[in-house]
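Peer 1: Sequence and computational prediction follow.
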Amino acid sequence: MRNLDEQSITQAVLNQNASAEDCRLREIMTSLVQHLHAFARETKLTEAEWEKGIEFLTAVGQICSPTRQEFILLSDTLGLSTLIIAQNHKKPAGCTEATVFGPFYVSNAPHFELGADISRGLKGTPWFVSGRVLDIDGNPIPNAILEVWQADDSGFYDVQKEGLKEYQGRAVLHADSDGSYHFKTIVPECYPIPHDGPVGKMLQALNRHPWRPAHLHFMITAPGYERLVTHVFREGGEYLDSDAVFGVRSSLIAEWVRHEPGIDPDGNLSDMPYYTLEFDFVLSREAR
């Protein structure tokens, strides 16, 4: 391996990696090395640019924390997350489409009974969300688990706030025996992804905005069905055609219906306008 040059270095690296016992790892690393080396040759990458790239990735890692995942933001804003989701979640026609997971999910969200107010005191316009979890034939999927999370009416998630004492705007719910679910919360607003770090600087350098359209996150699981990670977006909302993380699907856009003050879906008198959303989710069966 002596006297390697810009043409021979690639094969030398591949030869060194060829003894990996994990076949899939060997396949991935072979392709990665080939594409990285081809990228450097194609762009005639300079040492200064290479160093800048390393500085950027170092900064991405350094800003990560238990409540902030900058590498997910980087993957999302480069469209890589959407690409991987699209090629790994090809579903039968009629199934609800998957979209990006995002960096604000937590695994220990509080459990609520159906109909509960999951906002836990968030200020905003009341919102009543309901629907069913179904299979491709329209049959209900009983007791499906729905994990829900959202931004508040200022565009912030609970985990972005200092001094957080309890989670707000996120919940774990169980659909009932006919696949129905319903809960109360507040209407979320569009928001910018965190752009005070290296990913934000990248977007600024590329003359791109950091905004996401208003949406509600869902992760739905049930035995025998493929896990669904998706959003429901607001019809007519801003940034639907320029989502910073490329997550919008037409099938996931729904009308968030505004109602004047009056009797709300819970049977209570509301002295302020409120919104409703009805949205059914169709799960794809697990491959056998």
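Peer 2: The structure has been received and is ready for your questions.

Peer 1: How far off centre is stretch 229-249?
Peer 2: Chain-centre distance of stretch 229-249: 11 Å, with CA atoms, centre = their mean, to the nearest Å.

Peer 1: Is I28 within a helix or a strand, and which one?
Peer 2: In the assignment (DSSP states H and E), I28 maps to helix 23-43.

Peer 1: helices or strands next to whichever helix or strand comes after that helix in the packing?
Peer 2: Note on helix 23-43: by DSSP H and E, the next helix or strand toward the C-terminus is helix 47-63. Counting by 3 or more CB pairs under 8 Å, 6 or more residues apart in numbering; DSSP states H and E, the packing neighbours recorded for helix 47-63 are helix 70-77, helix 198-205. For the C-beta atoms, the positions are set from N, CA and C on the backbone; glycine is no exception.

Peer 1: re earlier: the helix holding I28 vs helix 47-63, what angle?
Peer 2: Inter-element angle recorded for helix 23-43 and helix 47-63: 130 degrees (by axes from the mean of the first three to the mean of the last three CA atoms, to 10 degrees).

Peer 1: follow-up on the earlier one: and the helices and strands packed on helix 47-63, which is most packed in?
Peer 2: Mean neighbour count (mean count of other CB atoms under 10 Å) peaks for helix 70-77 among those, with a mean of 21.

Peer 1: quick one on the thing from earlier: counting contacts, what elements does the helix holding I28 pack onto?
Peer 2: helix 9-17.

Peer 1: tell me the mean pLDDT for the helix it packs on?
Peer 2: Averaged across helix 9-17, the pLDDT comes to 94.

Peer 1: packing partners for that helix?
Peer 2: Applying 3+ CB pairs under 8 Å, 6+ apart, one finds that helix 9-17 makes contact with helix 23-43.

Peer 1: Averaged pLDDT, the helix it packs on. What do you get?
Peer 2: For helix 23-43, the mean confidence score works out to 97.

Peer 1: Give me the contact list for that helix.
Peer 2: E6, I9, T10, V13, L14, N17, A18, A20, L45, W50 (CB atoms under 8 Å, 6 or more residues apart in numbering).

Peer 1: Go again with 7 Å.
Peer 2: T10, V13, L14, N17, A18, A20 (CB atoms under 7 Å, 6 or more residues apart in numbering).

Peer 1: and if you look at stretch 73-90?
Peer 2: 60, 98-100, 103, 193-194, 199, 203, 244-247.

Peer 1: Tell me if I'm right that F104 and V159 touch.
Peer 2: Yes: contact criterion CB atoms under 7 Å: F104 and V159 qualify, at 6.0 Å.

Peer 1: And those two? Which one has more around it.
Peer 2: F104 (22 against 18; other CB atoms under 10 Å).

Peer 1: Check what pLDDT that one gets.
Peer 2: At F104, the pLDDT recorded in the model is 89.

Peer 1: so which strand or helix has it?
Peer 2: For F104, there is no enclosing helix or strand under DSSP H and E.

Peer 1: Is it possible to get TSV of the contacts of stretch 73-90 that adds distance to L134?
Peer 2: Conversion of the contacts of stretch 73-90 to TSV gives the following (distance: CB to CB, whole Å):
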residue	distance to L134
V60	40
A98	16
T99	19
V100	23
P103	29
I193	32
P194	35
V199	37
L203	38
A244	31
V245	27
F246	27
G247	23
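
Peer 1: Flag the least confident of those.
Peer 2: Lowest pLDDT among the contacts of stretch 73-90: P103, 84.

Peer 1: can you count the residues close to that residue?
Peer 2: 21.

Peer 1: correct me, but it touches Q69?
Peer 2: Yes: using CB under 7 Å, P103 is in contact with Q69, at 4.1 Å.

Peer 1: pull the CA atoms of the biggest strand by length in the chain into PDB?
Peer 2: Looking across the chain with DSSP state E, the single longest strand is strand 126-134. Only the C-alpha atoms of strand 126-134 are listed here, as PDB (Å, rounded to 0.1, in the frame of the first residue of the first chain):
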ATOM      1  CA  PRO A 126     -58.800  24.800  21.600                       C
ATOM      2  CA  TRP A 127     -58.600  21.900  19.200                       C
ATOM      3  CA  PHE A 128     -60.500  18.700  19.200                       C
ATOM      4  CA  VAL A 129     -58.900  15.900  17.200                       C
ATOM      5  CA  SER A 130     -60.600  12.600  16.400                       C
ATOM      6  CA  GLY A 131     -60.600   9.700  13.900                       C
ATOM      7  CA  ARG A 132     -60.100   6.000  13.500                       C
ATOM      8  CA  VAL A 133     -57.200   3.600  12.900                       C
ATOM      9  CA  LEU A 134     -58.100   1.200  10.100                       C
END
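
Peer 1: No further questions, thank you.
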